[in-house]
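[1] the sequence and its predicted three-dimensional model are supplied below.
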Amino acid sequence: MKTALITGANRSIGLETAKQLSKKGFFVYLGTRDLAKGEDVVNQLSKDGFENIQAIQIDVTNPESILAAKNIVEKEQGKLDVLINNAGILGALPQEASIANIDGIRETFDTNFFGVINVTQAFIDLLKKSESPRISNITSGLGSLTLHSDPTWKYHSIKAISYVSSKAALNAFTITLAYELRDLPFKVNSIDPGYTATDFNHHSGPQSVESAASFIVKHTDTDENGPTGKFFSPDIENESEESPW
């Protein structure tokens, strides 16, 4: 049985991704900052018929929390097959580039960028023990510098410099990590789940959490011929669903 860890998975897209991976036969660690809340979620999932989902406490901004989670996975599973770096924050809006609060930018980067690096580096040795390791960094279409450089792009006017720049940085991390691991069986990709109706955006997105999670699972649970070092988005209307960086 393959094992997956999803950060920020006690609600919304992360939770639905855990449910869909469980249905595909994965053992899923449902990452949550508040273990009690995570266990409540897992108890309800169990009542709903979901199996092999376990809450695990992990705060991506806290190295001690990350190490404790890594030790649990190592003791119980001995390896990790899939890491989905889903935890993220938007930050207070609006975030205009010319006047955005630096402390707010740092806070957003701490979760969306440095947190991903901390978690990935902590779990990389367990991932190397897998025959088909996968790392999916959950990003946003707003992290595309190519699209932002087009003044006619429909989301160009969004004032969210903290979030936009943190996701662009995350995409850069994806590219460099994928290249570093290119000679190993890793598949490392950035995945934009699309503009989805969640608490994150006051349920303003047109897409469902089910379709968003399905898109993540599709581009994570790939075979040995799957792509690596790519950026996928459901908003891109081409066969590969690849977004420009």
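    Received, thanks. As the structure is a computational prediction, the values presented were derived from the model and not from experiment.

[2] and the gap between the closest residue to Arg182 other than its chain neighbours and Asn43?
    Residue nearest to Arg182 in three dimensions, not counting chain neighbours: Thr228, with 7.0 Å by CB to CB, 6 or more residues apart in numbering. All C-beta atoms are positioned from the backbone trio N, CA, C, and that covers glycine. Remark: distance between Thr228 and Asn43 (CB to CB, to the nearest Å) = 37 Å.

[3] just Thr152 next, same as before
    49 Å.

[4] okay, those two: which has more neighbours?
    Under the neighbour definition other CB atoms under 10 Å, Thr152 and Asn43 were set side by side, and Asn43 has more, 11 against 5.

[5] if we can go back for a sec, need the contact list for the residue nearest to Arg182.
    If you count contacts by CB atoms under 8 Å, 6 or more residues apart in numbering, Thr228 has them with Ala178, Leu181, Arg182, Phe186, Lys187, Val188, Asn189.

[6] of all the residues you listed, which two lie farthest apart?
    Taking every pair in these and measuring CB to CB, the maximum separation is 12.8 Å, between Arg182 and Asn189.

[7] neighbour count winner among these two?
    Neighbour totals were compared for Arg182 and Asn189, and Asn189 leads with 23 against 11 (other CB under 10 Å).

[8] pretty sure the more buried one sits against Phe232.
    Yes: applying CB atoms under 8 Å, one finds Asn189 in contact with Phe232, separated by 6.3 Å.

[9] overlap in contacts of those two?
    Joint contacts of Asn189 and Phe232 (CB under 8 Å, 6+ apart) are His219.

[10] and the strands in the chain, which stretches?
    3-6, 27-32, 53-57, 82-85, 134-138, 187-191, 231-232 (DSSP state E).

[11] most centrally placed residue in this structure?
    Centroid-nearest residue in the chain, with CA atoms, centre = their mean: Asn86, separated by 2.5 Å.

[12] and the angle from the longest helix seen in the chain to strand 187-191?
    Identified as the longest helix of the chain according to DSSP state H is helix 161-180. Here helix 161-180 points in a direction 160 degrees away from that of strand 187-191 (axes from the mean of the first three to the mean of the last three CA atoms, to 10 degrees).

[13] for helix 161-180, name the packing helices and strands.
    Under the contact definition 3 or more CB pairs under 8 Å, 6 or more residues apart in numbering; DSSP states H and E, helix 161-180 sits against helix 102-109, helix 115-128, strand 134-138, strand 187-191.

[14] out of those, which is closest to Leu21?
    It's strand 134-138; of those, that one is closest to Leu21 (CB to CB) at 10.9 Å.

[15] can you list contacts of that closest one?
    So strand 134-138 is contacted by 13, 81-86, 88, 116, 120, 127, 170-171, 173-174, 177, 186-193, 216, 219-222 (CB under 8 Å, 6+ apart).

[16] one more pass at 7 Å, please.
    For strand 134-138, contacts defined as CB atoms under 7 Å, 6 or more residues apart in numbering pick out 81-86, 88, 116, 120, 127, 170, 173-174, 186-191, 193, 216, 219-220.

[17] alright, that wraps it up for me.
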